[in-house]
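Undergrad: Just to be clear, the model below is a prediction. Sequence and coordinates:
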Amino acid sequence: MRRPSLDAGRLASLAPTWRVEVLPETTSTNAVCAQRARAGEPAGLVVTTEHQYAGRGRLDRVWEMPPRAALAASVLLRPALPPERWPWLPLMVGVAVARTVGGRLKWPNDVLLGPELKKVCGVLVERVDVSSGSTGGDLGPAAVLGIGINTSLTPEELPIPGATSLLIERGEEVDRTAVLAELLEQIAAAYALLEHDPDRLATDYVALSATLGQRVRAELPGGGVLAGTANGIDEHGRLLITGADGVESPVGAGDIVHLRPAP
Ligand code: BT5
């Protein structure tokens, strides 16, 4: 199978908005990007690679991708957002990726594709606080937006049965450079909404959600489980789940399992 390298020349044309660096291989683009943020790198850096061999998921899980068969990218922002709007950053990235690949969102930001709504993309957003006095201190906190998109994995290469790739769903070769360029455009657009029109971003998020209206099980970070109907997103980006007892609980972190549509 043809698996071309990323086209660094084409990506260079996205400057000055985005400064894209293509690494031949690396542990984790998020780790590299966070390190650069700590060293004082301004917003707009994008780290991507042909081969990410120690990719990270949420909660210390691993993110796997064969060389050149997937896109791993980390985008550095220095959001000047009020603190209560930071939790919307991961949802904002979900909107941008869903638009890029034509997918739908499982809360908070897994991007699902195809008739069986399988996972084509995972997002890991990390905040980097830099103490004042160090190189990047006066730049304010950074957000590293880590995005992993399965572009041309074959069925045999999928790490879990619930995963899919653009190649599998579209049945045609995927140009990773074009996907990254479109993704960065969509991130710029969604981030502008988060800054200037957060209500509109929330409306867009809801329209792309595959979770709302579903019966779900939330597996909470502390080990608890909450079952019910997902029926809203609150102003902090939390998923609102109404249990059988009619009590509505906001969930701010955890894994959501879709059970079936609510009656
Ligand atoms: C995520 O975690 O979905 C966030 C993944 C973020 C990866 C990007 S790649 C660029 C940047 N640099 C990094 O180091 N990370 C970011 P989570 O929801 O915890 O899902 C992780 C789980 O998804 C794993 O435990 C596997 O079950 C599954 N998984 C691993 N690789 C996958 C893949 N390629 N496609 C679909 N599922 C995968």
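TA: Arrived safely. Residues are numbered from 1 along each chain as shown.

Undergrad: Pretty sure residue 121 sits in a strand.
TA: Yes: assessed by DSSP: H, G, I helix; E, B strand; the rest coil, residue 121 belongs to a strand.

Undergrad: That one against residue 106, yeah?
TA: No: judged on CB atoms under 8 Å, residue 121 makes no contact with residue 106 at a distance of 10.5 Å. For the C-beta atoms, the positions are set from N, CA and C on the backbone; glycine is no exception.

Undergrad: When these two are compared, which one has more neighbours?
TA: residue 121 (29 against 22; other CB atoms under 10 Å).

Undergrad: where's the more buried one relative to the ligand, distance?
TA: 8 Å (CB to the nearest ligand atom, to the nearest Å).

Undergrad: Not counting sequence-adjacent ones, nearest residue to that residue?
TA: residue 111 (3.9 Å; CB to CB, 6 or more residues apart in numbering).

Undergrad: Check what pLDDT the one you found gets.
TA: If you check residue 111, the pLDDT there is 98.

Undergrad: Assign a three-state SS to the residue lying closest to residue 189 once chain neighbours are set aside, would you?
TA: Leaving aside its sequence neighbours, residue 189 sits nearest to residue 96 (CB to CB, 6+ apart; 7.3 Å). In three-state terms, and counting by three-state DSSP, residue 96 is helix.

Undergrad: Kindly report the same for residue 112.
TA: strand.

Undergrad: residues near it, how many?
TA: So residue 112, with other CB under 10 Å, has 21 neighbours.

Undergrad: how about the nearest residue to whatever residue of the stretch 101-250 of the chain ends up closest to the ligand, chain neighbours excluded?
TA: Taking CB to the nearest ligand atom, the ligand has its nearest neighbour within the stretch 101-250 of the chain at residue 122, 2.1 Å off. Sequence neighbours aside, residue 148 is the residue nearest to residue 122 in space, at 5.1 Å (criterion: CB to CB, 6+ apart).
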